[in-house]
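Chemist: let's see this in three dimensions:
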Amino acid sequence: FGIYTSVGDTTCHGGWSPGSYGHYKQDADTFAAWGVDYVKIDYCGGFDSVEGHKNMSRALNATGRHISYMLCRGPYQEEDHWGYAPEIAQGWRATGDHHDNFASTKQQVDSVRGKGSWSGPYGWHYLDMMMTGGQGCKSQCVGPSSDVGHCNWTRAQHCPGQSDNEYRTEASMYVVVSSPIMVGTDIRLMTPIMRELLLNAEAIAINQDYEAVPGDVETGCSDEGAQEVWVRRLT
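Modeler: The predicted structure is shown next:
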């Protein structure tokens, strides 16, 4: 059971939903009382700060409940070895939002290029939500394109922005770089490519080898010259 908030006084949802600024302890205690297992904290609104990230971490620890604390974005993304993030969180997003196109998939993977050793057991960089199968469709929403529009999610739909092979590449790379896998598509309607990738027990086992260092890029060889190979060494 997960929940979303922001370190500032509003979230990134167009400013209409409140963040946790000034209420870190109150929110942490409430989340624990609700049985929350996972808190994703964004970096939007007024008064966003590194200290706010740290204050929410302290507040969650003080509840006594085991809650995964996941940073969505912040100054740590521009710092070597992810800066302060490994000291306060179980996971931290490496880059910006993922969109349902292959250029965005490549951008997600490139954000952890050469940084495999920066993460490890109990502290993981992660890529934004997987788009496998396609996001919802524009026809489900009316009004402006921002979050103040009205969307009908009662009927699951998919409008894929990538080919099946591109989704296979996306899923494979998330596995190799050890990204905690969050699915950004509607699993109530499991298309064939979603079943193939999201229910792949062997791939999930590689991703979930929590004692292994995340995979990274290495130089391979072929008849056509040097090629990139992404490798993860398992325990």
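
Chemist: phi, psi for the residue nearest the centre of the chain please.
Modeler: Nearest residue to the geometric centre of the chain (C-alpha atoms, centre = their mean): Asp128, 3.5 Å. Here is the backbone geometry of Asp128 (degrees, to the nearest 10): phi -60, psi 170.

Chemist: checking the residue nearest to it when sequence neighbours are not counted next. Helix, strand or coil?
Modeler: Closest residue to Asp128 apart from its sequence neighbours, by C-beta to C-beta, 6 or more residues apart in numbering: His98 at 3.6 Å. Heads up, the C-betas are built off the backbone N, CA and C, glycines and all. Classification of His98 using DSSP: H, G, I helix; E, B strand; the rest coil returns coil.

Chemist: okay, helices next: where are they in the chain?
Modeler: Per DSSP state H, the chain carries helices over the ranges 24-34, 50-62, 85-88, 102-110, 164-176, 192-198, 201-207.

Chemist: would you list the ones you listed in CSV and tack on distance to Tyr122, mean neighbour count and mean pLDDT?
Modeler: Shown next, in CSV, are the helices of the chain (distance: least, C-beta to C-beta, whole Å; neighbours: other C-beta atoms under 10 Å; pLDDT from 0 to 100):
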stretch, distance to Tyr122, mean neighbour count, mean pLDDT
helix 24-34, 20, 17, 97
helix 50-62, 14, 19, 97
helix 85-88, 9, 20, 96
helix 102-110, 22, 17, 96
helix 164-176, 19, 19, 96
helix 192-198, 25, 17, 94
helix 201-207, 16, 14, 95
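
Chemist: may I see those arranged in JSON lines, with distance to Val142 as well?
Modeler: JSON lines is the format used below for the helices of the chain (distance: least, C-beta to C-beta, whole Å):
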{"stretch": "helix 24-34", "distance to Val142": "32"}
{"stretch": "helix 50-62", "distance to Val142": "35"}
{"stretch": "helix 85-88", "distance to Val142": "38"}
{"stretch": "helix 102-110", "distance to Val142": "25"}
{"stretch": "helix 164-176", "distance to Val142": "28"}
{"stretch": "helix 192-198", "distance to Val142": "26"}
{"stretch": "helix 201-207", "distance to Val142": "37"}
